[in-house]
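A.B. asks: Can you look at this prediction? I've put the sequence above it.
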Amino acid sequence: MGKKILSICLSIMLIFALAGCSNSVSTSSNEDVKIIRVAFNQNEEHPQYKAMRELGDKFEEATNGRYQMVIYPNGVLGDQNNMAEFIRTGALEMAIVPCSVPESYDKDFAIVGAPYLYQDMDHLRRATESGVFKELFSSTRKFKFEVLTVYTAGERNIYSDKPINTPEDLKGMIVRVNDSPTYLSMVKYMGGVGTVMSQSEVYTALQQGVIDAGENSERVYTDFKHYEVAPYFSYTKHIVHPDVVIASTNFLDNLSESDREIFDKLVLDSTTYEFDAFKESVLQGKKDAEAHGAKFVYPDVELFREKCMPLLESISGQSEVTKTIFDRIEALREGE
């Protein structure tokens, strides 16, 4: 506990040191420039960073320099749960976090990233752009933050030293997952055995046979060179991963009506930018992996989805809010 408190304190000190102990600075014309501080855990080459940078640059231009965005990537301000607390206290204006962060305040957020809810990234994009999550996202204002939009982190698939075409192929296989009860249950329904492990340990664990499979996007698969120890990448599409952009209500409520209107439009524009950029990143990651001998496998996803339906029904049926969101997302499925 002491180490955690120390980490939080150091992170807060870093925020104020980098921001000059203020969220505004004075220009040579004596006009205050308000700083929008944004934190997240990826690097500067990630599509999410590029989308946020695009948002910040356009908002600065649209407000004639009255607002400037400063982004702290690479998790320099601590873990993602800490980021939410920084936002709630006003130490940060914005952050990009996984859905599990708002879920810790409101369990209905479990539906946003539920297994086999979406067909693919395009389905998640349609749900986001059609306003399916609007009421749920604005409901967090009582916690002093608002969820603005979804950024995708790609489709999570299973990779191993053999192709996975059916749930039977996963029988007895140990699959690394994030630290999530939902993920552990998901792998069990899919036919395997889930085990929690840090992403940095996956390569060695696959190499030494501690685990039989990993699961993540093509981008992670390539960036961590997992194709060297797990040459078969099977498109199980068990998770279409949504991260969310959250903002302090203090920051949002201090925007003028016209600035808020501009800001909201640019947030939606950045959503389109991020989905497009991530799709391009995935294609490049796949191309890079194939160049190193990786083989991509295309199983019948419905075989796995059918196995996981009890889990999806449990998540979608936990409240009227989740039921409504589930029904609206189902209506956006293609070919049905």
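C.D. replies: Nice, I can see it. Residues are numbered from 1 along each chain as shown.
A.B. asks: all contacts plus neighbour counts: C-alpha atoms, from now on.
C.D. replies: Fine.
A.B. asks: give me every residue that touches residue 229.
C.D. replies: The contact partners of residue 229, by C-alpha atoms under 8 Å, 6 or more residues apart in numbering, come to 160-161, 203, 206-207.
A.B. asks: Let's see that with 7 Å instead.
C.D. replies: Under the criterion of C-alpha atoms under 7 Å, 6 or more residues apart in numbering, the neighbours of residue 229 are 161, 206-207.
A.B. asks: per-residue pLDDT, it?
C.D. replies: Note for residue 229: predicted pLDDT of 98.
A.B. asks: Roughly how far does it sit from residue 213?
C.D. replies: Distance of residue 229 to residue 213, given as C-alpha to C-alpha, to the nearest Å: 10 Å.
A.B. asks: Spit out the residues that contact the two alike.
C.D. replies: residue 206.
A.B. asks: about what we covered before: write the PyMOL selection for whichever of the contacts of residue 229 are buried.
C.D. replies: Buried residues within these, by 16 or more other C-alpha atoms under 10 Å, are selected in PyMOL with:
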select buried, resi 161+206
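A.B. asks: Columns secondary structure on top of the contacts of residue 229, output as CSV?
C.D. replies: Compiled in CSV, these are given as follows (DSSP: H, G, I helix; E, B strand; the rest coil):
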residue, secondary structure
161, coil
206, helix
207, helix
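A.B. asks: I'd like the contacts of residue 229 laid out as JSON lines, including distance to residue 90 and pLDDT.
C.D. replies: What follows is the contacts of residue 229, written out as JSON lines (distance: C-alpha to C-alpha, whole Å; pLDDT from 0 to 100):
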{"residue": "161", "distance to residue 90": "47", "pLDDT": "97"}
{"residue": "206", "distance to residue 90": "42", "pLDDT": "98"}
{"residue": "207", "distance to residue 90": "45", "pLDDT": "97"}
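A.B. asks: Go through the contacts of residue 229 and say which is closest to residue 289.
C.D. replies: residue 161 (14.2 Å; C-alpha to C-alpha).
A.B. asks: show me the contacts for the closest one.
C.D. replies: Here residue 161 is in contact with 229-232 (C-alpha under 7 Å, 6+ apart).
A.B. asks: any idea which element residue 55 lies in?
C.D. replies: Assigned by DSSP states H and E, residue 55 belongs to helix 47-62.
A.B. asks: Give the other helices and strands that that helix contacts.
C.D. replies: Packing partners of helix 47-62 (3 or more C-alpha pairs under 7 Å, 6 or more residues apart in numbering; DSSP states H and E): strand 67-72, helix 257-291.
A.B. asks: so which of these is the most packed in?
C.D. replies: strand 67-72 (a mean of 19; mean count of other C-alpha atoms under 10 Å).
A.B. asks: who does it pair up with?
C.D. replies: Partners of strand 67-72 in the sheet, by DSSP bridges, are strand 32-39 (parallel).
A.B. asks: ok and the partner strand relative to helix 47-62, angle-wise?
C.D. replies: 170 degrees (axes from the mean of the first three to the mean of the last three C-alpha atoms, to 10 degrees).
A.B. asks: Just the strands from the protein, written as ranges.
C.D. replies: 24-26, 32-39, 67-72, 94-98, 145-160, 174-177, 193-196, 213-216, 232-248, 295-297 (DSSP state E).
A.B. asks: will you turn those into JSON lines that also has mean pLDDT?
C.D. replies: Formatted as JSON lines, the strands of the chain follow (pLDDT from 0 to 100):
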{"stretch": "strand 24-26", "mean pLDDT": "56"}
{"stretch": "strand 32-39", "mean pLDDT": "95"}
{"stretch": "strand 67-72", "mean pLDDT": "97"}
{"stretch": "strand 94-98", "mean pLDDT": "95"}
{"stretch": "strand 145-160", "mean pLDDT": "97"}
{"stretch": "strand 174-177", "mean pLDDT": "97"}
{"stretch": "strand 193-196", "mean pLDDT": "96"}
{"stretch": "strand 213-216", "mean pLDDT": "96"}
{"stretch": "strand 232-248", "mean pLDDT": "97"}
{"stretch": "strand 295-297", "mean pLDDT": "98"}
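A.B. asks: JSON lines for the ones you listed, including distance to residue 263?
C.D. replies: Shown next, in JSON lines, are the strands of the chain (distance: least, C-alpha to C-alpha, whole Å):
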{"stretch": "strand 24-26", "distance to residue 263": "18"}
{"stretch": "strand 32-39", "distance to residue 263": "12"}
{"stretch": "strand 67-72", "distance to residue 263": "11"}
{"stretch": "strand 94-98", "distance to residue 263": "13"}
{"stretch": "strand 145-160", "distance to residue 263": "10"}
{"stretch": "strand 174-177", "distance to residue 263": "36"}
{"stretch": "strand 193-196", "distance to residue 263": "39"}
{"stretch": "strand 213-216", "distance to residue 263": "32"}
{"stretch": "strand 232-248", "distance to residue 263": "12"}
{"stretch": "strand 295-297", "distance to residue 263": "40"}
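A.B. asks: If anything else comes up later, I'll come back, but that's it for now.
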